[in-house]
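Colleague: sequence plus the predicted model coming up.
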Amino acid sequence: MAKDSNLLLTNQLKMKKDNSNNKRTALKSQTTLNGMMTFGKNYNGLRLMDFACCEEVTMESFTGDFKVQAMRDGNVYITEKKKRVHNKPIFREDHSSLSLGFDGVYYFTFRLSAELVDELPEKLAHEALTIAQKVVNEILYTKAEEVTL
């Protein structure tokens, strides 16, 4: 019974992931630009790269995190880093949440500010119990639906 309920919650989360992936748009076409690139360092010692285009080009501006690889032959490869995908919690309370990681493991996360550390045992027990009840209700509800269908 526990394996079936884990599969149900896993399938439920996979459907949510698939729906969010459908919203992503395809990559735009590749563009080649001619110009001059300047490397340097700013006053903090951070490396800078500036590219001046020699052509009249209209492009959308963009920002992102990139990996820059400068080769010894003068070629520079700039690759955008993958964005970290955050799982949406399956269940959430005031200070805690339950989510399913991409590794197939359920994660119970609890956060509490330092000012409320005296209330830690009570809040942790209460919210863990509340989320456990929600999981049990979800399992029983989906099992009841399967039986009636």
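Modeller: Noted; the coordinates are in hand. Predicted model, so just to flag it, every value in this text is computed and none were measured. Numbering: from 1, shown residues only.
Colleague: burial measure for the closest residue in space to Val68 that isn't next to it in sequence, as a count.
Modeller: Ranked by CB to CB, 6 or more residues apart in numbering and with sequence neighbours excluded, the top spatial neighbour of Val68 is Ile78, at 5.2 Å. To be clear about C-beta, it is placed using only N, CA and C from the backbone, and glycine gets the same treatment. The burial count assigned to Ile78 is 12, neighbours taken as other CB atoms under 10 Å.
Colleague: what domains does the record give for the chain?
Modeller: 2-21+85-148, 35-80 (automatic domain parsing).
Colleague: quick one, which of these is packed in tightest?
Modeller: The highest mean neighbour count among these belongs to domain 2-21+85-148 (a mean of 13), with neighbours defined as mean count of other CB atoms under 10 Å.
Colleague: re the thing from before, mean pLDDT lowest for which of the domains of the chain?
Modeller: Note on those: domain 2-21+85-148 shows the lowest mean pLDDT, a mean of 73.
Colleague: as a check, name the ranges of all strands in this structure.
Modeller: Using DSSP state E, the strands found in the chain span residues 35-41, 47-53, 66-70, 76-80, 91-92, 96-100, 106-110.
Colleague: how about the ones you listed in CSV, adding distance to Leu140?
Modeller: Conversion of the strands of the chain to CSV gives the following (distance: least, CB to CB, whole Å):
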stretch, distance to Leu140
strand 35-41, 62
strand 47-53, 57
strand 66-70, 48
strand 76-80, 45
strand 91-92, 15
strand 96-100, 16
strand 106-110, 18
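Colleague: quick one: closest of those to Asn137.
Modeller: When the strands of the chain are compared by CB to CB, strand 91-92 sits nearest Asn137, at 10.0 Å.
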